[in-house]
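>>> 3D model of this:
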Amino acid sequence: MRALFGFLLLALAAPLAAADDRPIVDDRGQKKEDRARRELPTLWIAGDSTVKSNGALRGWGQEIGAFFDPAKINVVNRAIGGRSSRTFYTEGRWNEILGQIRQGDFVVIQFGHNDVGPTDARSKFRGSVKGIGDETEEVEKPDGTLETVHSYGWYLKEYARTAKAKGATVILCSPVPHKRFDRNGHYTGDWEDWARWVGACAKEEQVEFIDLAKLIGKKYERLGLEKVEPLFADKGTHTTAEGAKLNAEILVEALKKLPGKPLRRSFN
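Numbers count the residues shown, from 1 in each chain. The predicted model follows:
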């Protein structure tokens, strides 16, 4: 009976997973952001659509540059919609950043929104294995090839380890929160497990950790639903320009408090 119940749950969940309509941005033909001044250090940004988006949707990575002095540091946002920690790696996007990192650069990394689904076609082959261990899954791709999918933490630690080896200061961030309020209008928050995973990865690799889910969530809680509502351009994932600016401001305040304040001379 228990096995039958489990089968029914999977059967019911499958159609929902198959209906993953979150877009994967095609940036072929688009010029990627690059360093404006090669003699300056660079703040590299890797992430998903909550970091960089289009139209009415706006990510914090598109607003954060205004907080920095362009005469002191480059800000290069390489985030792209629809990517997870897994696909940003397998598509070679991380290697593009890694190949340009120099001693004294900074790297801010935020993934999670597209890691949550299954590892196979139901989530457009974006999901990572949940957790931070060495567990893997073999997934058959549409062309018949097999992909070894690693854990969410494996990819984050790979990013941290390789960027650190190039002499960069690495900052791992938990995902920005959704707009989540209960029926009484109280903020409920999310990403608790994921934030713990990101923090554990940062500790293991001895890099910096900023819990954006917690910091931004506290702000949403103080503001209340009525004031948070206009900060979102959709049901509760992607921010407007105003919401993106708020998230960027919160991140910048956290960057200013990093041990040793490595970015202290870079802000406006």
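>>> all contacts plus neighbour counts: C-alpha atoms, from now on.
Noted.
>>> run through the protein and note the low-pLDDT ranges.
Counting by pLDDT under 70, the chain shows low-confidence ranges at 1-19.
>>> and the helices in it?
Under the criterion DSSP state H, the chain contains helices at 2-18, 85-90, 93-98, 152-165, 192-205, 212-223, 225-228, 241-256.
>>> want to throw those into JSON lines with mean neighbour count and distance to His178?
Output for the helices of the chain, formatted as JSON lines (neighbours: other C-alpha atoms under 10 Å; distance: least, C-alpha to C-alpha, whole Å):
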{"stretch": "helix 2-18", "mean neighbour count": "11", "distance to His178": "19"}
{"stretch": "helix 85-90", "mean neighbour count": "21", "distance to His178": "18"}
{"stretch": "helix 93-98", "mean neighbour count": "16", "distance to His178": "25"}
{"stretch": "helix 152-165", "mean neighbour count": "22", "distance to His178": "19"}
{"stretch": "helix 192-205", "mean neighbour count": "18", "distance to His178": "12"}
{"stretch": "helix 212-223", "mean neighbour count": "18", "distance to His178": "9"}
{"stretch": "helix 225-228", "mean neighbour count": "15", "distance to His178": "11"}
{"stretch": "helix 241-256", "mean neighbour count": "19", "distance to His178": "11"}
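>>> which stretch among these comes nearest Asp105?
helix 152-165 (9.1 Å; C-alpha to C-alpha).
>>> got the contact list for the closest one?
Helix 152-165 is contacted from outside by 85-86, 89, 94, 98, 101, 107, 112, 115, 128-134, 169-170, 172, 197-198, 201-202, 205, 207, using C-alpha atoms under 8 Å, 6 or more residues apart in numbering.
>>> got the angle for it vs helix 192-205?
Here helix 152-165 points in a direction 40 degrees away from that of helix 192-205 (axes from the mean of the first three to the mean of the last three C-alpha atoms, to 10 degrees).
>>> dump helix 152-165 to PDB, restricted to CA.
Extracted in PDB, the C-alpha atoms of helix 152-165 (Å, rounded to 0.1, in the frame of the first residue of the first chain):
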ATOM      1  CA  TYR A 152      23.900  22.000  -5.900                       C
ATOM      2  CA  GLY A 153      26.700  22.300  -3.400                       C
ATOM      3  CA  TRP A 154      29.200  20.600  -5.700                       C
ATOM      4  CA  TYR A 155      28.800  23.300  -8.300                       C
ATOM      5  CA  LEU A 156      29.000  26.100  -5.800                       C
ATOM      6  CA  LYS A 157      32.100  24.700  -4.300                       C
ATOM      7  CA  GLU A 158      33.600  24.200  -7.700                       C
ATOM      8  CA  TYR A 159      32.900  27.900  -8.500                       C
ATOM      9  CA  ALA A 160      34.400  29.000  -5.200                       C
ATOM     10  CA  ARG A 161      37.500  26.800  -5.300                       C
ATOM     11  CA  THR A 162      38.500  27.700  -8.900                       C
ATOM     12  CA  ALA A 163      37.900  31.400  -8.500                       C
ATOM     13  CA  LYS A 164      39.700  31.500  -5.200                       C
ATOM     14  CA  ALA A 165      42.700  29.700  -6.900                       C
END
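>>> going forward, the N-terminal residue is numbered 255.
All set: I'll call the first residue 255, so the last point we hit is now helix 406-419.
>>> just give me how far that helix sits from the chain centre.
13 Å (C-alpha atoms, centre = their mean, to the nearest Å).
>>> next: stretch 428-448.
16 Å.
>>> in stretch 385-398, what counts as buried?
By 16 or more other C-alpha atoms under 10 Å, the buried positions in stretch 385-398 come out as Gly385, Ile386, Val393.
>>> any chance of the helices of the chain in JSON lines, plus distance to Arg437?
Output for those, formatted as JSON lines (distance: least, C-alpha to C-alpha, whole Å):
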{"stretch": "helix 256-272", "distance to Arg437": "24"}
{"stretch": "helix 339-344", "distance to Arg437": "33"}
{"stretch": "helix 347-352", "distance to Arg437": "41"}
{"stretch": "helix 406-419", "distance to Arg437": "32"}
{"stretch": "helix 446-459", "distance to Arg437": "21"}
{"stretch": "helix 466-477", "distance to Arg437": "14"}
{"stretch": "helix 479-482", "distance to Arg437": "11"}
{"stretch": "helix 495-510", "distance to Arg437": "22"}
